[in-house]
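The sequence and its predicted three-dimensional model are supplied below.
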Amino acid sequence: MKITNRLMIGAVAAFGVSLGTPALAQETITVSTWGGPNHGINTIVWPTWKAWIEEATEGRVSVEVVHDMGPPAAQMEIVADGIADASWIFHAHMAGRFLATQLPEFPTFEEFSSEDAAAAYWDTHQEYLAEAGEHRGVDVLAMGVHGPGQIFTAEQVDSLDGLDGKRLRVGGGVMSDLAEAIGFTGVALPPTGVYEAASQGVVDGAMLTLESLRSFRVAEVAPHTLTVDGGFYRGSFAIVMNPMFWDKISQEDRQAIEAVSGESLSRLFGYMMDVSDQRGVEFGKQHGATFTQVPEEDVEMLRGVTEELIADWTRDVAERGVDAEAALAHFREQLALAAEDEGIADRVVSQ
């Protein structure tokens, strides 16, 4: 269903938040955002990208961020329809459309930063995954992942057996597959709906990231965290642009914007997730949250499940022209290389 211009006008009038468009700016990238005003995407990523763009284009192009133009699952449509010029999307919100983007979601049982993972993901997308054509209708400016997804429960459990019969929030993608394998009931909810659902007893907990302890108030309703190294899953994101925006600016300015997007913007997204997770853990500990590592026998079970999920995914993405084995090998190689590169922290202008 198309999002109407009438809704757009109302959203911009009611919720538009400018990051301070400079007087000399000739064009402005209108960014549709979701997540609360204090979420890292809004306090770290957009302000930094805005500063990069203004510097790269010598002030000819700026960024304006608009909240609440539509729900998270509608962001792709909002950009493709030209209601906004850019946004960030969570691939699992659009079940069926995105499959190749599950590549970074599978459990790895290894610790690594979201910044390094995002840099590796960007390179892998450009080399292998873009062939699937899953982002048709928009241009991809960056790829991103969130931090290790863990399991949060209202009642403390110390193994996967303790989840039997429980109802936990899932967000689609690999999360839903893991829910079936582990044996709990997955309930599809956006992160913003977890607090209310858990408060009312609709769910017993959630599969979410550590940042959610703070940003989505999970520490108040599901303070017990069951963890595995590297997370039970990770989530896949992209920052996308309406291709028609490029017609408004010069080729020089387009190249300048692309130069501060790509790997740099992907790293920035991952860095934001790392910072947000750290803040979430600190907040959780201050409010009595517990953290329990799953026993080794559960890890071995998860390894077997993961192998099966990857085998199924490999067959499915082959139908979309993706060499899954080569893509996974490339991602792991790039992940090691990304860890050796200089980080993005010194280039972040707002935290």
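In hand now; what should we look at? Numbers count the residues shown, from 1 in each chain.

Show the residue spans covered by the strands in this structure.
16-18, 27-33, 61-67, 86-90, 139-145, 149-153, 167-170, 185-188, 205-209, 224-227, 236-241, 290-293 (DSSP state E).

Any idea how far apart the tips of stretch 225-234 sit?
16 Å (C-alpha to C-alpha, to the nearest Å).

So for that stretch, mean pLDDT?
Per-region confidence: stretch 225-234 scores 96 on mean pLDDT.

Residue 277: which of the strands of the chain is closest?
When the strands of the chain are compared by C-beta to C-beta, strand 205-209 sits nearest residue 277, at 6.2 Å. Where C-beta positions appear, they are placed from N, C-alpha and C, glycine not excepted.

now that closest one, how far from the chain's geometric center?
From the chain centre to the centre of strand 205-209 is a distance of 14 Å (C-alpha atoms, centre = their mean, to the nearest Å).

Then stretch 45-64?
Taking C-alpha atoms, centre = their mean, one finds stretch 45-64 lying 22 Å from the centre of the chain it belongs to.

now do the same end-to-end measure for it.
So stretch 45-64: terminal residues 13 Å apart, C-alpha to C-alpha.

List the buried residues of it.
45-54, 56-57, 60-64 (16 or more other C-beta atoms under 10 Å).

Could you export the strands of the chain as CSV, including distance to residue 216?
Putting those into CSV (distance: least, C-beta to C-beta, whole Å) gives the following:
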stretch, distance to residue 216
strand 16-18, 20
strand 27-33, 16
strand 61-67, 16
strand 86-90, 14
strand 139-145, 18
strand 149-153, 10
strand 167-170, 10
strand 185-188, 15
strand 205-209, 7
strand 224-227, 14
strand 236-241, 16
strand 290-293, 17
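
nearest to residue 101, of the ones you listed?
Per C-beta to C-beta, nearest to residue 101 of these: strand 236-241, 4.4 Å.

Which neighbours in the sheet does that closest one have, and how are they oriented?
If you go by DSSP bridges, strand 236-241 pairs up with strand 86-90 (antiparallel), strand 139-145 (antiparallel).

Dump the C-alpha coordinates for the longest one into PDB.
Listed in PDB are the C-alpha atoms of strand 139-145, where the atom choice follows Å, rounded to 0.1, in the frame of the first residue of the first chain:
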ATOM      1  CA  ASP A 139      20.500   2.800  -3.900                       C
ATOM      2  CA  VAL A 140      22.500   1.200  -1.000                       C
ATOM      3  CA  LEU A 141      24.800   3.600   0.700                       C
ATOM      4  CA  ALA A 142      25.900   1.400   3.600                       C
ATOM      5  CA  MET A 143      25.400  -2.000   5.200                       C
ATOM      6  CA  GLY A 144      25.300  -2.600   8.900                       C
ATOM      7  CA  VAL A 145      24.800  -5.100  11.700                       C
END
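
what about the residue nearest to residue 63 when sequence neighbours are not counted, distance to residue 145?
Spatially, and ignoring its direct neighbours in sequence, residue 63 is nearest to residue 50 (3.8 Å; C-beta to C-beta, 6 or more residues apart in numbering). Remark: distance between residue 50 and residue 145 (C-beta to C-beta, to the nearest Å) = 22 Å.

cool, residue 289 as well?
Taking C-beta to C-beta, one finds residue 289 at 23 Å from residue 145.

who has more neighbours, these two?
residue 145 (28 against 20; other C-beta atoms under 10 Å).

Hmm, that one is touching residue 120, no?
No - between residue 145 and residue 120 there is no contact under C-beta atoms under 8 Å: 9.1 Å.

So, low pLDDT: which residues of the stretch 51-200 of the chain?
Residues of the stretch 51-200 of the chain meeting the criterion pLDDT under 70: none.

which other residues reach stretch 256-274?
40-41, 44-45, 48-49, 52-53, 56-57, 61, 88, 113-119, 121-123, 141-147, 209, 211, 237, 239, 249, 343-345, 347-348 (C-beta atoms under 8 Å, 6 or more residues apart in numbering).

ChimeraX command for the buried members of those?
Typed into ChimeraX, the line below selects the buried ones among those, using 16+ other C-beta under 10 Å:
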select :40,41,44,45,48,49,52,53,56,57,61,88,113,114,115,116,117,118,119,121,122,123,141,142,143,144,145,146,147,209,211,237,239,249,343,344,348
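
Filter the contacts of stretch 256-274 down to just the ones in helices.
40, 48-49, 52-53, 56, 114-119, 121-123 (DSSP state H).
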